[in-house]
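**Student:** what would the 3D arrangement of this be:
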Amino acid sequence: MYKARNNVRLYVSSALSANGPVELTAGQQHYLAQVMRIKVGDSILLFNGSDGEWRASIKAISKKTCTLQIIEQTREQEKPFDVWLAFAPVKKTRTDFIVEKATEMGVERLLPVFTDFTASKRVNTERLHTIAIEAAEQCHRLDVPVIDPAQKLDEVIQQWPESRTLFVLDELGHETGKAEPILNVLESPEYNTGAKPVGFLTGPEGGFSAQELDGLRKLPFVRPLTLGSRILRAETAVAAALACYRATVDKARI
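**Tutor:** Numbers count the residues shown, from 1 in each chain. Modelled structure (predicted):
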């Protein structure tokens, strides 16, 4: 009988199959041995983004080594939640929050974008990937979002598939009347099942420039949305919009 430690999940790069080998990083070994105090006979959960989730038993563990035996598959790989998020980087901890919450909400692809008012000019993609992995481990997600290198907004727009609706979060849309209420759009038959691919675009502190918004509104695949009368922080807008979308799609799928 294996003692389950279901709160311990690790993302690994190796393939997962019954009785197959598992390679852990030095950081993961330290985490299991020194932080979680995992012991021989305990079991943990592993996932790699393609083979589902597997339970593995600890056969031997020390400060520097850890031997695992894969026991059984606990969940099959799920179809990704087909939503992207393009976001303007903000201050470090707030960008971390965006990546973390987007991962928890099931975003498949993250695209950092530099806009006219973006203050942050550097994006550490590797660090953001680490944050996404930790969020996926915590929320029991079976994959980790792809994180693109940061690009200018016009470069992202040029590459954006026209078949994927881009919801632009316009912080002044409620006041100007140039954006639709988010739930009116998301609860419509076109989007409420999640069958149509979509993406969200959120701006930096200070929002989008008038020129950016004018250009975006002219694109056939863009739909500006408003989250209401409040002026929200960029990271709050991301969490609110994705939560609205996730709740709407989950409701339709029940």
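**Student:** for Leu216, helix, strand, or coil?
**Tutor:** Under the three-state scheme (DSSP: H, G, I helix; E, B strand; the rest coil), Leu216 adopts helix.
**Student:** how much space separates it from Leu201?
**Tutor:** Separation of Leu216 from Leu201 (Cβ to Cβ, to the nearest Å): 8 Å. For the C-beta atoms, the positions are set from N, CA and C on the backbone; glycine is no exception.
**Student:** and if you look at Val222?
**Tutor:** 8 Å.
**Student:** where exactly do the helices run in this structure?
**Tutor:** Using DSSP state H, the helices of the chain run over residues 26-30, 92-104, 125-139, 153-159, 173-176, 182-186, 210-217, 234-253.
**Student:** so which of those is nearest Gln69?
**Tutor:** Gln69 sits nearest to helix 26-30 of all the helices of the chain, at 15.7 Å, using Cβ to Cβ.
**Student:** report the distance from the closest one to the chain centre.
**Tutor:** Relative to its chain's centre, helix 26-30 lies at 24 Å (Cα atoms, centre = their mean, to the nearest Å).
**Student:** also stretch 193-209?
**Tutor:** Its chain's C-alpha centre and that of stretch 193-209 lie 13 Å apart, by Cα atoms, centre = their mean.
**Student:** start at 455, not 1
**Tutor:** Sure, I'll start counting at 455 from here, so that last one is stretch 647-663.
**Student:** could you give me the buried positions within it?
**Tutor:** By neighbour count on 16 or more other Cβ atoms under 10 Å, the buried set for stretch 647-663 is 648, 652-658, 661-662.
**Student:** per-domain residue ranges of this structure.
**Tutor:** Following automatic domain parsing, the chain resolves into domains at 457-529, 537-707.
**Student:** which stretch among these is buried most, on average?
**Tutor:** Among the domains of the chain, domain 537-707 has the highest mean neighbour count (mean count of other Cβ atoms under 10 Å), at a mean of 18.
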